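Asks: Okay, sequence plus prediction incoming.
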Amino acid sequence: MYRVVVVGAGITGLSIARWLTRYKGIEIIVIDKEPDVGWGVTKANTSIIHPCHEENPDKHPLRSKLCLEGHNLWYKWVKELEIPAKWPGEIIVATIDEELKGLHKYIDYAYRIGVPGVRLIDREEILRLEPWVNPDAIGGLYAPTAGTINPMMAAIAIAENIVDNGGKLLLGTKVEDIVIRDGKVVAIETSKGRIEADIVVNAAGLYADRISRMAGIDDYSIHPRRGQYLLFSDRVDVKPSKILHTAPTPKTKGVYAITTVDGNLLIGPTAEDLPEEAREENTTTHQGLDFTYKMASRILRELPPRSKIIKTFAGLRPEPSTGTFIIRFHEKPWGFVEAAGIRSPGLTAAPAIGKHVSKLIIERLENIEPRKDWRSKRQAIPRPAYMAPRERDKLIRENPDYGWIICVCRKVSLGEIMEAVKRMKKIGVPEITLDGIKFRTHSMYGDCQGSQCRPHIAYLLWKRLGLQPWRITIKGDGSKYAFTEVKALLRGDRDA
Amino acid sequence: MPDRITKKDYDIVVIGGGPAGLAAALKAREKGLETLVVETRDRLGGIPLQCIHPGFGIHYFKEDMTGPEFVYRFIDKLLSTDIDYTVKSYVNIAKYVSPMEKKLEIITPYGTEIVRTKTIIYAAGARERTRYEIGITGPNPAGIMTAGEAQTLMDMYGVMPGKRILIVGSGDVGLIMARRFVLEGAEVVGVVEILPYPSGLIRNVQQCLKDYGIPLLLSHMVISVKKRNGRVSSAVVVKVGENFKPIQGTETEIECDTIVIAAGLKPRTKLLESLGAQIDPRTKGPVVNEYFETTIPGVFVAGNALIINDYVDYAVEQGELAALAATKYVDEKGIRIKKPVKIILGRNMRLIVPQILTLTSDALFYGRVARPEDNVWLSFKEIGFKIPQLKVLPSIMIRQKIRLDKLKSIGTNALTVEVMPRD
């Protein structure tokens, strides 16, 4: 039995682990410093499954290949794992001649990579395909295969599937060192003790360079590139059916306007290079949000007023000093594997990165065989408000909690919330967090951002699980939802 | 008083079991309508259940009560009738079938109920604006919540949300919460208000802030927050000039562990929008006629879902009026509108309901001015009707009844409501 420890429970690490669960003779442990899966880079990005025609196959041959392969794998994964997804296609909208000229090269890339259906379209066709495009558009590039998923739901689904297949998650655990003996990786030291390992996979996102240094690898660094986003109410009229974006620049794929799988208009991101030490600076700024709003108005016919914004947020992408994915199996120290610098199109490529990395590992191990009892399927949490009455009533008869809608913005029942708690425990989250419930159920995720239902959810967790509201955190460490009992300050309680 | 849906057909379904909904249901039953109340929470009562301060019922009962005392007058009365009500229940889908038939799909812990009704009174209340809607940037740590969320935690569930608190917004909700925190031993470091004057009642400024020495920062706004260990550590506050633009160089940081947003309410309109009702961008609620009937025949609105009220007494009044209108609708098989008159917002008027008149009934107007003004006329121009006002303030709702005979004297299809100087 070999033990593989994957560092990083983001979409990359989880995809690698999922592939590895297909084999006999491997014990898998995924470890993350956060108390839940997907809370790093996976949490805040544009959520696009790219067609991959914007990858330069000369400059980034591996990335182009993994992008397309990942894209194609997602069709299967979203079905197997019941991940919310849609495939509307995308249009790069050009507003000036220079941008239009720049689009030609993507047709060449598409042909060489193997992306189907990419073509230039004129203004008339753009407006026919997508009436929400700004009529100032002079032309564009259409890529019919583009899709969008909910990345957090994806990370959660993959994690549940890993655990169903016998893998383990060790969350809220920080890697402190990598132990190397005789030129081989033998263990990692963590905040919760030493874990023996034959293989250590570094999928640590924003912190990958620091993990590599623990293994003596020091030939690259990561800096955060910040992207700020604006999310609008699901009740605005502006709902482009296609994924739209401005012409790419060397740094980014441009600013997007998409209707997410949840039905919200999302615009963004910015692309701000931050210093290496700013790896937790996922903060929004007035300047960044204003820029995003302005850029989006170039591609959309109209933008909803800013009063219809329900959430602003920022994500950090890990930008490697090499400019491209760092995926390698080290001979020195043997057993140290990297999937680092997974910047855009990392979400798209993730399933293929998983396949590729698992192959690098499997071919170096002995007596590894595919499992016959591997479970490809995972079921999503049922959503009674969106079911037919007959089906819903069957669910409610079994568990009346499914008949009480707690979050009215997103129509989420108590049953869904309690099921999320059950699943969090099953994958081994060290504590039930309100964000963990939010990402699994989409309660606290609508127009009011939880201001109406969050105290009631906290109270019900208290009643059902004995979790006092002043101990529940929003996102783990230090983020307590409340402080104490209401009379504790007057009593002068010491721990208040 | 069965706490179940016992019938397939009702004359009226009231959506929302708060003050407006309860008052509507009681009035409708009094008039003989088969009535159902649908409430999403696990009990009737709505927001007053968490308002343990006094000030309720001064107009309606001529008594000063707390929120729970006030609303239990209605609940107790409702429980003594045969009005059907259902809690933990949510109207998932509403369909307009015909003027005398609306079909509702209601999700309850005892299954899906399909109910037909002649009329609907939508009294689902309002929701609060969040930090994102008032443009507060920065990280997204714990310790930022709306005033209502803080109030639910404290006064429904006995949980203290913070110790060192900054409040954003000096409306009555913000002022009352400031005092509430102090009374429980927390420190309120200030109340930040973007306007150059407080938004709440003068009475509350004195009784909630001045009496406790809580600083009020007028013409200021919170532009961003900072965090430490996952929780708010300070708010970045800036002075604003004209047009509410931040003045550069005036940023200061106020240390706090909790930021409470009391920046106003928005009527809840989701179900009305799904029915296709017209929404007024000023009130953010539905467009209604003097029966508080939306643009969907037989669908009425009352309470904060109609317009954000100053007093719960107004919400009750609207509920009762909507119930009387629904009774008329059921009796007369609809309210016909021949030549509707449109209400036009004139000088210094920010919003008003109703927005349409059918000229078949007296009309009760509720409105707000755009800016404070002294010594003015509230004027209904085309009918030559005006009332002197010593002072008008955006924070004080204007409530004005006009009789049908007066309204009928209008010769045009538009009625302008305006505030004019009186000299």
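Replies: Good, I have the coordinates.

Asks: Same question for the lowest-mean-pLDDT helix or strand in chain B: list its buried residues.
Replies: Every helix and strand in chain B was compared by mean pLDDT, DSSP states H and E; the lowest is helix B:202-204, with a mean of 88. Using 16 or more other C-beta atoms under 10 Å in any protein chain shown as the test for burial, helix B:202-204 gives B:Asn204. Every C-beta, even on glycine, is put in place using the N, C-alpha and C of the backbone.

Asks: ok, now stretch B:340-353?
Replies: Quick answer for stretch B:340-353 (16+ other C-beta under 10 Å): B:Val341, B:Ile343, B:Leu345, B:Gly346, B:Arg347, B:Asn348, B:Met349, B:Leu351, B:Ile352, B:Val353.

Asks: Regarding the fifth one, what is its secondary structure?
Replies: Per DSSP: H, G, I helix; E, B strand; the rest coil, the secondary structure class of B:Arg347 is coil.

Asks: got the phi/psi numbers for it?
Replies: phi -50, psi 130 (degrees, to the nearest 10).

Asks: how about the nearest residue to it once chain neighbours are set aside, secondary structure?
Replies: Distance criterion C-beta to C-beta, 6 or more residues apart in numbering or on different chains; nearest residue to B:Arg347, sequence neighbours excluded, is B:Glu418 at 4.3 Å. Look at B:Glu418: counting by three-state DSSP, its state is strand.

Asks: Show residues contacting the following helix or strand past the least confident helix or strand of chain B.
Replies: Using DSSP states H and E, the helix or strand that follows helix B:202-204 in sequence is strand B:216-217. For strand B:216-217, the external contacting residues (C-beta atoms under 8 Å, 6 or more residues apart in numbering or on different chains) are B:Ser170, B:Gly190, B:Val191, B:Val192, B:Glu193, B:Pro198, B:Val205, B:Leu209, B:Val237.

Asks: still on that earlier bit, determine the set of other helices and strands touching the least confident helix or strand of chain B.
Replies: Packing partners of helix B:202-204 (3 or more C-beta pairs under 8 Å, 6 or more residues apart in numbering or on different chains; DSSP states H and E): helix B:172-183.

Asks: need the contact list for residue 393.
Replies: Using chain A here. Shown in contact with A:Asp393 (C-beta under 8 Å, 6+ apart): B:Gly111, B:Thr112.

Asks: wait, chain B
Replies: Counting by C-beta under 8 Å, 6+ apart, B:Leu393 touches B:Tyr197, B:Val369, B:Pro372.

Asks: Now A:Gly446: closest residue in space, sequence neighbours ignored.
Replies: Spatial nearest neighbour of A:Gly446, excluding adjacent residues (C-beta to C-beta, 6+ apart): A:Cys409 at 2.6 Å.

Asks: Please disregard the earlier target; I meant B:Val115.
Replies: B:Leu104 (4.7 Å).

Asks: thinking the one you found is in contact with B:Ile93, fair?
Replies: Yes: at 7.2 Å, B:Leu104 and B:Ile93 qualify as touching, with contact defined as C-beta atoms under 8 Å.

Asks: More neighbours: which of those two?
Replies: The neighbour count for B:Leu104 versus B:Ile93, taken as other C-beta atoms under 10 Å in any protein chain shown, is higher for B:Leu104 (22 against 16).

Asks: what's across from that one in the sheet?
Replies: Using DSSP bridges, the bridge partners assigned to B:Leu104 are B:Ala94, B:Val115.

Asks: roughly how far apart are it and chain A?
Replies: Noted for B:Leu104: a distance of 12 Å to chain A, by C-beta to the nearest C-beta, to the nearest Å.

Asks: Could you count how many residues lie near A:Val41?
Replies: 25.

Asks: My guess is it contacts A:Gly205. True?
Replies: Yes: here A:Val41 reaches A:Gly205: they are 4.5 Å apart, a contact under C-beta under 8 Å.

Asks: any common contacting residues for those two?
Replies: Joint contacts of A:Val41 and A:Gly205 (C-beta under 8 Å, 6+ apart) are A:Gly10, A:Pro318, A:Ile342.

Asks: how many neighbours does the first one have?
Replies: What it means is A:Gly10. 30.

Asks: Domain-wise, how is chain B divided?
Replies: B:1-128+B:265-332, B:130-263, B:339-423 (automatic domain parsing).

Asks: any idea of the mean pLDDT in the shortest one?
Replies: Domain B:339-423 shows a mean pLDDT of 96.

Asks: again, but for the longest one
Replies: Domain B:1-128+B:265-332 carries an average pLDDT of 97.

Asks: starting at the chain centroid, how far to it?
Replies: For domain B:1-128+B:265-332, the distance from its own C-alpha centre to the chain's C-alpha centre is 13 Å (C-alpha atoms, centre = their mean, to the nearest Å).

Asks: Show me what counts as buried in the lengthiest helix in chain A.
Replies: As assigned by DSSP state H, the longest helix anywhere in chain A is helix A:61-80. Neighbour-count burial for helix A:61-80, counted by 16+ other C-beta under 10 Å, picks out A:62-74, A:77-78, A:80.

Asks: Mean confidence (pLDDT) on it, please.
Replies: Averaged over helix A:61-80, pLDDT sits at 98.

Asks: Kindly report the same for stretch A:109-124.
Replies: Averaging pLDDT along stretch A:109-124 gives 97.

Asks: circling back: what's the first helix or strand after the longest helix of chain A?
Replies: Scanning forward in sequence from helix A:61-80 by DSSP H and E, the next helix or strand is strand A:85-86.
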